[in-house]
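Q: what follows is a predicted protein model with its sequence.
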Amino acid sequence: MKSGTAINELQIRRTPVSRRVPAWVMPSIKSLVIAVDALIAIGSFLLAFKLREGSDLLSQTAWAGSKDFVPYAGILYFAVAARVSMLLYQRAYNYVGSFSYAQEAIRIFKAVGISSLLIIAWAFLFRGGFAFRDFSYARSVFVLDFGIALAAYLAFHFALRFLQVRARRQGINLIPTLIAGTNKEAEQTISELRNRRDLGYRVVGVLDEQASSNESFAGVDVVGSIDDLPNIVRELAIQEVIITDSSITSDRMFDAMMRIGRGQRVEFRFAPSLFELLPQKTSVDQIGVLPMVRLFREPLSDAERFVKRISDIAISSLALILVSPILAIIALWIKLDSKGKVFFRQERVGMDGRVFLCYKFRTMRQDADEHIHREAYEKNIDGEDEANIGDGSDPVYGKVKDDPRVTRAGKFLRRSSLDELPQLFNVLKGDMSIVGPRPPIPYEVAAYKLWHRKRLDMKPGITGLWQVSGRNRLTFDEMVRTDLFYIEHWSLWLDLKIILLTLPAVFRGDGAR
């Protein structure tokens with residue numbers, strides 16, 4: 001077998017990357033579609049009012065709404081925002097990959113239905129809190145608005161999908177795709193994607209463990225092996241990898257995925273025969289007649305990230321208001337207890353490896369030696385604990401047992417975890433989340449194994465499963481597995497349960513163990 005580099009250099013030059021539209025085209029099209037959807041929301045609401053009331057929309061004496069329409073004007077503004085927001089939430093503007101008209105209809109129906117309920121709720125709030133308290137809105141206006149909007153959105157988005165299919169048959173709007181494998185499943189996949197361009201995929205290369213420089217498979221160039229995947233993804237701007245080769249081990253696949261990084265936004269799909277390779281966060285879908293298992297490259301979708309961020313802002317803002325007297329008391333205590341600054345700022349590693357300044361109350365003497373802590377973390381990653389052998393105490397991982405550098409005030413703050421309250425400001429800034437993996441220190445990350453870095457896929461948190469599952473009684477590998485479990489199973493309900501479980505853990509004094 002020749003080197004992957006030689007294969008890449010030859011085959012990448014041979015592999016055509018044509019019919020790709022400029023990068024600005026799709027965002028521009030999406031913006032235009034959103035603008036049209038906003039106009040549809042306006043038009044459907046105005047038409048519903050006109051059909052029900054039969055009144056003029058505009059005043060005949062001034063450039064303003066008519067007397068009958070003025071109470072509905074405030075509803076109209078909200079209706080536009082609600083319609084577009086729900087279409088965004090239902091991913092109606094996703095024009096990448098395969099689709100079906102049935103799925104499109106379901107998305108549109110959900111978006112219009114939910115936004116109509118929101119519009120009705122807003123109408124009651126608007127009437128109750130403003131100038132139209134005694135006004136009674138006609139319910140049939142909202143019913144007509146729902147029907148008109150549903151029909152208009154279905155017609156418009158079906159027309160867009162029809163045009164998209166036509167463009168794909170001309171070789172436009174196709175995802176550059178790699179097939180990993182040269183078996184029967186790979187040949188079937190290539191044939192289906194080649195014959196069904198409307199699915200939205202262009203196979204630009206094949207990965208083969210026995211590749212040579214003059215090989216091709218099913219009419220597609222062999223561009224290298226799985227070990228060459230990161231370079232090939234970068235050179236060919238690959239957006240999707242379909243894996244059919246069962247001989248590829250999970251370790252090699254995971255290694256390649258980590259070297260690619262989430263910044264490339266590459267989607268991975270697996271043939272159903274490879275279930276043993278998969279983490280838990282997967283879904284089964286279909287490309288044409290081919291069943292595929294999709295591996296979620298993003299721990300959270302854009303909508304889930306938005307929801308989590310909104311909840312972080314709300315919780316941290318409320319918490320800062322409630323604990324502000326406690327913050328002032330702790331600051332005064334630290335100042336009186338020992339010399340030095342009240343706050344301790346330390347570089348920590350956040351999501352995707354970004355370094356940020358983490359805020360805590362100072363719990364050590366001003367001249368504390370950092371090397372003691374570094375040695376403790378190195379032992380922690382190697383699986384060693386800081387317990388005194390034979391003293392009957394529980395092992396402590398990742399912290400210095402009976403640390404002599406800690407001040408009197410610091411011992412209490414650490415035991416109660418009150419030293420971490422300033423991290424609420426990190427949450428407001430967006431560096432951290434209320435719940436998430438523990439924020440690591442840069443020299444700790446430098447010692448990570450490859451699979452440990454998966455915990456950097458989400459913002460670090462003030463608390464997390466590691467906090468309520470034993471914290472410093474967990475080995476490092478156990479803590480990482482706990483973080484990965486949280487990332488794979490995230491939900492708002494899980495966050496709420498962790499927050500509620502954090503309070504007993506704080507009262508038990510787990511932070512100082």
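A: Yes, it's here.

Q: quick one, helices of the stretch 251-400 of the chain?
A: For the stretch 251-400 of the chain, the helices defined by DSSP state H, counting those that start in this stretch occupy 302-337, 370-381.

Q: quick one: residue 247 from residue 259, how far?
A: 20 Å (Cβ to Cβ, to the nearest Å). Where C-beta positions appear, they are placed from N, C-alpha and C, glycine not excepted.

Q: my bad, residue 339
A: Taking Cβ to Cβ, one finds residue 339 at 47 Å from residue 259.

Q: and stretch 356-371, how far from the chain's centre?
A: Offset of stretch 356-371 from its chain centre (Cα atoms, centre = their mean, to the nearest Å): 31 Å.

Q: going along the chain, name the strands of this protein.
A: 175-180, 201-207, 216-217, 220-224, 240-243, 267-270, 282-287, 290-295, 343-349, 355-361, 433-435, 461-463 (DSSP state E).

Q: tell me which of those lies nearest to residue 145.
A: Using Cβ to Cβ as the measure, strand 282-287 is the one of the strands of the chain that comes nearest residue 145, at 33.2 Å.

Q: adding mean pLDDT, write the strands of the chain out as TSV.
A: As requested, those are exported to TSV (pLDDT from 0 to 100):
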stretch	mean pLDDT
strand 175-180	91
strand 201-207	91
strand 216-217	86
strand 220-224	88
strand 240-243	89
strand 267-270	82
strand 282-287	61
strand 290-295	62
strand 343-349	90
strand 355-361	91
strand 433-435	94
strand 461-463	92
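
Q: and residue 96, which of those strands is closest to it?
A: Going by Cβ to Cβ, the one of the strands of the chain nearest residue 96 is strand 175-180, 6.3 Å.

Q: what is the closest one packed up against?
A: Here strand 175-180 touches helix 184-195, strand 201-207, helix 229-236, strand 240-243, going by 3 or more Cβ pairs under 8 Å, 6 or more residues apart in numbering; DSSP states H and E.

Q: return the most buried member of those.
A: strand 201-207 (a mean of 25; mean count of other Cβ atoms under 10 Å).

Q: and that one, C-alpha only, in CSV?
A: In CSV, the C-alpha atoms belonging to strand 201-207 read as follows (Å, rounded to 0.1, in the frame of the first residue of the first chain):
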residue,chain,number,x,y,z
TYR,A,201,-25.2,14.3,-2.3
ARG,A,202,-22.2,14.2,-4.6
VAL,A,203,-19.7,11.4,-3.9
VAL,A,204,-16.3,12.9,-4.5
GLY,A,205,-14.1,10.1,-3.2
VAL,A,206,-13.8,6.7,-1.6
LEU,A,207,-11.6,5.6,1.4
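
Q: strand partners of it, parallel vs antiparallel please.
A: Strand 201-207 pairs in its sheet with strand 175-180 (parallel), strand 220-224 (parallel), by DSSP bridges.

Q: of all those, which one is nearest residue 335?
A: strand 175-180 (58.9 Å).

Q: thinking again about what came up before, looking at residue 247 and residue 259, which one has more neighbours?
A: Comparing residue 247 with residue 259 by other Cβ atoms under 10 Å, the one with more neighbours is residue 259, at 14 against 9.

Q: okay, the helices of the stretch 251-400 of the chain in a markdown table with distance to residue 110, mean neighbour count and mean pLDDT next?
A: Converted to a markdown table, the helices of the stretch 251-400 of the chain look like this (distance: least, Cβ to Cβ, whole Å; neighbours: other Cβ atoms under 10 Å; pLDDT from 0 to 100):
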| stretch | distance to residue 110 | mean neighbour count | mean pLDDT |
| --- | --- | --- | --- |
| helix 302-337 | 13 | 14 | 89 |
| helix 370-381 | 46 | 15 | 65 |
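
Q: so which of those is nearest residue 360?
A: Ranking the helices of the stretch 251-400 of the chain by proximity to residue 360 (Cβ to Cβ) places helix 302-337 first, at 10.9 Å.

Q: what angle sits between the closest one and strand 343-349?
A: 150 degrees (axes from the mean of the first three to the mean of the last three Cα atoms, to 10 degrees).

Q: what's helix 302-337 packed up against?
A: Short answer (3+ Cβ pairs under 8 Å, 6+ apart): helix 302-337 packs on strand 355-361, helix 408-416, helix 423-429, strand 433-435, helix 492-507.

Q: if we go to 7 Å?
A: Judged by 3 or more Cβ pairs under 7 Å, 6 or more residues apart in numbering; DSSP states H and E, the packing partners of helix 302-337 are helix 408-416, helix 423-429, strand 433-435.

Q: tell me which of the ones you listed is the most buried.
A: Burial of the helices and strands packed on helix 302-337 is given as mean neighbour count (mean count of other Cβ under 10 Å); strand 433-435 ranks first at a mean of 26.

Q: what's the model's confidence in stretch 30-42, averaged?
A: Across stretch 30-42, the average pLDDT comes to 96.

Q: likewise stretch 95-104?
A: For stretch 95-104, the mean confidence score works out to 86.

Q: in that stretch, what's buried?
A: Using 16 or more other Cβ atoms under 10 Å as the test for burial, stretch 95-104 gives 95, 97-99, 104.

Q: endpoint to endpoint, it covers what distance?
A: For stretch 95-104, the first-to-last residue distance is 11 Å (Cα to Cα, to the nearest Å).

Q: likewise stretch 329-343?
A: In stretch 329-343, first residue to last residue: 13 Å (Cα to Cα).

Q: quick one: residues in contact with it.
A: Under the criterion Cβ atoms under 7 Å, 6 or more residues apart in numbering, residues 359, 361-362, 365-366, 407-409, 413, 418, 422 lie in contact with stretch 329-343.

Q: drop anything exposed from those residues.
A: Among the contacts of stretch 329-343, those scoring as buried are 359, 361-362, 407, 409, 413, 418, 422 (criterion: 16+ other Cβ under 10 Å).

Q: just give me the closest of these to residue 237.
A: Nearest to residue 237 among the buried ones among the contacts of stretch 329-343: residue 359, at 39.8 Å, using Cβ to Cβ.

Q: surely the closest one meets residue 424?
A: No. Residue 359 is beyond contact range of residue 424, at 8.6 Å (criterion: Cβ atoms under 7 Å).

Q: ok, the residue nearest to residue 317 when sequence neighbours are not counted - contacts?
A: Take residue 317 and drop its neighbours on the chain: the residue closest to it by Cβ to Cβ, 6 or more residues apart in numbering is residue 428, 6.9 Å away. Contact partners of residue 428, counting by Cβ under 7 Å, 6+ apart, are 313, 316-317.

Q: of the residues you listed, closest to residue 206?
A: The nearest one, if we look at the contacts of residue 428 relative to residue 206 and count by Cβ to Cβ, is residue 313, at 46.6 Å.

Q: with adjacent residues omitted, what lies nearest to that closest one?
A: Nearest non-adjacent residue to residue 313, counting by Cβ to Cβ, 6+ apart: residue 428, 6.7 Å away.

Q: for the buried ones among the contacts of stretch 329-343, which one is nearest residue 439?
A: Nearest to residue 439 out of these is residue 359 (Cβ to Cβ; 11.0 Å).

Q: for the closest one, give me its contacts.
A: 343, 345, 422-423, 425-426.

Q: and it, what are its bridge partners?
A: Those that pair with residue 359 in a beta bridge, by DSSP bridges, are residue 345.
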